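K.L.:
based on what follows, work out the 3D shape:
(one chain, ligands or ions: 1)
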Amino acid sequence: MAFSFSTVSSPKTLLPSSGFLRSPPQTRLRPFSARPVPGSKPRFSHQPLSISIGLHRRQPVKMAAATGSKQLTVFDTEEELAVSLAKYTAGLSDKFTRERGAFTVVLSGGSLIKALRKLTESPYLDSVEWSKWHVFWVDERVVKKDHPDSNYKLALDGFLSKVPVPPNQIYAINDTLPPEGAADDYEARLKQLVWDHVIKVVPTSGLPCFDLMLLGMGPDGHVASLFPGHPLLKETQKWVTHITDSPKPPPERITFTFPIINASAYVAMVVTGSGKAGAVHKALSGGENTGYTDRLPVEMVELDQGEFTWFTDKAAVSMLNEKDTGL
Ligand SMILES: O=C1O[C@H](COP(=O)(O)O)[C@@H](O)[C@H](O)[C@H]1O
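P.N.:
Just a heads-up that it's a prediction; the model follows:
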């Protein structure tokens, strides 16, 4: 099952240039089943996808548990996306704070941080229980924390310095260590936090289950520091690993692996701009006629039990059409 959304946006607001939304959005909210139509290929390996447009006007998210769902939400503008992302994140913060007295949030670097800006404003600045937040990074560049390439610095400057998360609950990497040591050190700290019941654990696998991962995607379809075609895509033993040949500078980084990402309770994939439309098309169309030959890292985000929501703008989905989405 997917989140239950309702949308009241008028078709006028929602009409994109492509044929993606030619008819009123209310008719386009039925879930897309991963079950293959006889004689056709399933577009997704196992998770259903539902489409929701104009999420900025949706009713409050229903937080009922739902396993293995995927949902695509499309906004007219990045500004509207940012408003909705703040509401979504604050809603999950409230849910997990009530349920377990803590909220474990994993950040990416890149454009994601700017998209979180609405959380630093009213009403969230005062209403979110920031003291319950525990903040992690899905990937980090192996540079000093005050280096312009640091994902920690990016998040601190653009987000964390503006909200009262206790500093001892912000888990930056140890920037005195080389890549392998930094990855091992971060994994050891995660294990300690699982032991301390700060991070939940998946009983069947023993993997950490973060409450929310806020992911971005590069134009090449990379997520975290997991790049197309790289051997790290196949890592199954480590929680956190390192890379010294990242195709995107800087070359030395640490990154969560797919087993950890996919054990999450909720993942928001935040993708904007036409430069990412090709990778979005590949990820949501199953790979036909996209120019990509291999499975992209973003396609390997397939949650074991959690809820995966794409937050996109119209530019990012500009290469999609009705056939691609199954609508
Ligand atoms: O290098 C990185 O890139 C990705 C994508 O960044 P974006 O600016 O294109 O959104 C980011 O998610 C990752 O954390 C970062 O290290």
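
K.L.:
low-confidence stretches in the protein?
P.N.:
Scanning the chain with the threshold set as pLDDT under 70 gives 1-67, 287-293, 322-327.

K.L.:
tell me if Thr309 really is in a helix.
P.N.:
No. Under the criterion used here (DSSP: H, G, I helix; E, B strand; the rest coil), Thr309 is strand, not part of a helix.

K.L.:
what about it, neighbour count?
P.N.:
26 (other C-beta atoms under 10 Å). To be clear about C-beta, it is placed using only N, CA and C from the backbone, and glycine gets the same treatment.

K.L.:
residues of the chain that sit close to the ligand?
P.N.:
Within the chain, the positions near the ligand by C-beta under 6 Å from any ligand atom are Ser108, Gly109, Gly110, Ser111, Leu112, Asp139, Asn151, Gly216, Gly218, Ser225, Lys248.

K.L.:
does Val298 touch Val223 like I think?
P.N.:
Yes. Counting by C-beta atoms under 8 Å, Val298 touches Val223, with 5.2 Å between them.

K.L.:
so what sits against both of the two?
P.N.:
Each of Met217, Met269 lies in contact with both Val298 and Val223 under the rule C-beta atoms under 8 Å, 6 or more residues apart in numbering.

K.L.:
the strands in this structure, which residues?
P.N.:
For the chain, applying DSSP state E gives strands covering 49-53, 69-75, 103-107, 133-137, 139-141, 200-201, 208-209, 212-216, 240-243, 253-256, 266-271, 307-313.

K.L.:
turn those into CSV, including distance to Ala183.
P.N.:
Shown next, in CSV, are the strands of the chain (distance: least, C-beta to C-beta, whole Å):
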stretch, distance to Ala183
strand 49-53, 32
strand 69-75, 29
strand 103-107, 15
strand 133-137, 12
strand 139-141, 9
strand 200-201, 20
strand 208-209, 15
strand 212-216, 18
strand 240-243, 4
strand 253-256, 4
strand 266-271, 21
strand 307-313, 25
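
K.L.:
return the most buried member of the ones you listed.
P.N.:
Most buried of these by mean neighbour count (mean count of other C-beta atoms under 10 Å) is strand 253-256; its value is a mean of 30.

K.L.:
what's that one packed up against?
P.N.:
Packed against strand 253-256, as judged by 3 or more C-beta pairs under 8 Å, 6 or more residues apart in numbering; DSSP states H and E, are the following elements: strand 139-141, helix 179-195, strand 240-243.

K.L.:
mean neighbour count, the ones you listed: which tops it?
P.N.:
Most buried of these by mean neighbour count (mean count of other C-beta under 10 Å) is strand 139-141; its value is a mean of 28.

K.L.:
I would like the residues contacting that strand, please.
P.N.:
With contacts defined as C-beta under 8 Å, 6+ apart, strand 139-141 is touched by 108-109, 147, 149-152, 172-173, 182, 186, 224-226, 250, 252-256.

K.L.:
of those residues, just the buried ones, PyMOL syntax please.
P.N.:
The buried residues among the contacts of strand 139-141 can be selected in PyMOL (16 or more other C-beta atoms under 10 Å) with this line:
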select buried, resi 108+109+149+150+151+152+172+173+182+186+224+225+226+252+253+254+255+256
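
K.L.:
mark which of the contacts of strand 139-141 are part of helices, please.
P.N.:
Asn151, Tyr152, Ala182, Tyr186 (DSSP state H).

K.L.:
my read: the second one touches Ile173, true?
P.N.:
Yes. Tyr152 is within contact range of Ile173, at 7.3 Å (criterion: C-beta under 8 Å).

K.L.:
any residues in contact with both of those two?
P.N.:
Trp137, Glu140.

K.L.:
for Gly218, give its distance to Thr89.
P.N.:
The gap separating Gly218 from Thr89 is 22 Å, by C-beta to C-beta, to the nearest Å.

K.L.:
can you name the residue of the stretch 101-250 of the chain nearest the ligand?
P.N.:
Gly110 (2.4 Å; C-beta to the nearest ligand atom).

K.L.:
ok, now which ones touch the closest residue in space to that residue that isn't next to it in sequence?
P.N.:
Excluding the flanking residues, the one nearest Gly110 by C-beta to C-beta, 6 or more residues apart in numbering is Gly216, at 4.5 Å. Going by C-beta under 8 Å, 6+ apart, Gly216 touches Ser108, Gly109, Gly110, Ser111, Leu112, Val223, Met269, Val270, Val271.

K.L.:
with distance to Leu193 as extra columns, can I get those in TSV?
P.N.:
What follows is the contacts of Gly216, written out as TSV (distance: C-beta to C-beta, whole Å):
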residue	distance to Leu193
Ser108	19
Gly109	21
Gly110	25
Ser111	27
Leu112	22
Val223	22
Met269	24
Val270	25
Val271	29
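
K.L.:
who's Thr73 bridged to?
P.N.:
Counting by DSSP bridges, Thr73 is bridged to Ser52, Phe311.

K.L.:
I'd like the numbering to begin with 173 instead of 1 from here.
P.N.:
Let's use 173 as the start, then, which means that last one is Thr245.

K.L.:
that one and the ligand, how far apart?
P.N.:
Distance, Thr245 to the ligand, using C-beta to the nearest ligand atom, to the nearest Å: 17 Å.

K.L.:
that residue reaches Phe480, doesn't it?
P.N.:
No. Shown here, Thr245 and Phe480 do not form a contact pair, counting by C-beta under 8 Å, at 11.3 Å.
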